[in-house]
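J.: Give me the fold of what follows.
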Amino acid sequence: MCSSCQTQPASAGVGHGSSRGANYCGPQALIPSAGSGWRAAQAGEQTIRLLFDDLQNVRRIQLLFREDQQARTQEFVLRWSPDGGQSYREIVRQQYNFSPPGVTREFEDYTVDLAGVTALELIIVPDLGGGDARASVAQLRIA
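T.: Prediction:
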């Protein structure tokens, strides 16, 4: 069970309190058909951190990103921690282009073999060109 989901701007340090405003990452971001996911309240790099009450074995991670309005290059980094967030190990770093109205979604499906996961972290840089895009995740599935 996920005990908390924290979101932080890139400038915030690890361990700061979770945001409950427009940045709140509620269960709807993790349930495929329960809404539009999560969107940052402000532009720039964002970190979503899932902290688990019990050790997890993770075999698959799926991410869906959508952008219907702004052409841009986005990057994300997906990392995991075996020690409650004291250290992280990178799973993947991926860059891709949104080019509405043509390319408006990016779906990633990773088969992994992670044992003893205490935290997952998703870092999103929504516009590598430095624009004012806001980070968002339409779906995040963990199995």
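J.: so what's the residue lying closest to Asp113 once chain neighbours are set aside up against?
T.: Closest residue to Asp113 apart from its sequence neighbours, by Cβ to Cβ, 6 or more residues apart in numbering: Arg59 at 6.7 Å. Placement of C-beta: from N, CA and C, glycine included. Residues counted as contacts of Arg59 (Cβ atoms under 8 Å, 6 or more residues apart in numbering) are 111-114, 143.
J.: Quick check: pLDDT value at Arg59.
T.: Listed pLDDT for Arg59 reads 97.
J.: does it sit in a helix or strand, and which one?
T.: strand 46-66 (DSSP states H and E).
J.: C-terminal to that strand, what's the next element?
T.: strand 72-81.
J.: and the helix or strand following that following strand, which residues are buried?
T.: The helix or strand immediately downstream of strand 72-81 is strand 89-98, counting by DSSP H and E. Residues of strand 89-98 classed as buried under the neighbour-count rule (16 or more other Cβ atoms under 10 Å) are 91, 98.
J.: Stretch 51-64 now?
T.: Result for stretch 51-64 [16+ other Cβ under 10 Å]: buried residues 51-52, 56, 58, 61, 63-64.
J.: In the chain, which residue is most central in space?
T.: By Cα atoms, centre = their mean, the chain has its centre lying nearest to Leu122, at 3.6 Å.
J.: coming back round to it: where is pLDDT lowest across the contacts of Arg59?
T.: The lowest pLDDT within those belongs to Ala143, which sits at 94.
J.: Could you double-check that that residue lies in contact with Arg60?
T.: Yes: look at Ala143 against Arg60 with Cβ atoms under 8 Å: they come within range, at 4.4 Å.
J.: isn't Tyr88 right next to Pro82, touching?
T.: No: counting by Cβ under 8 Å, Tyr88 sits too far from Pro82 to count as a contact (9.2 Å).
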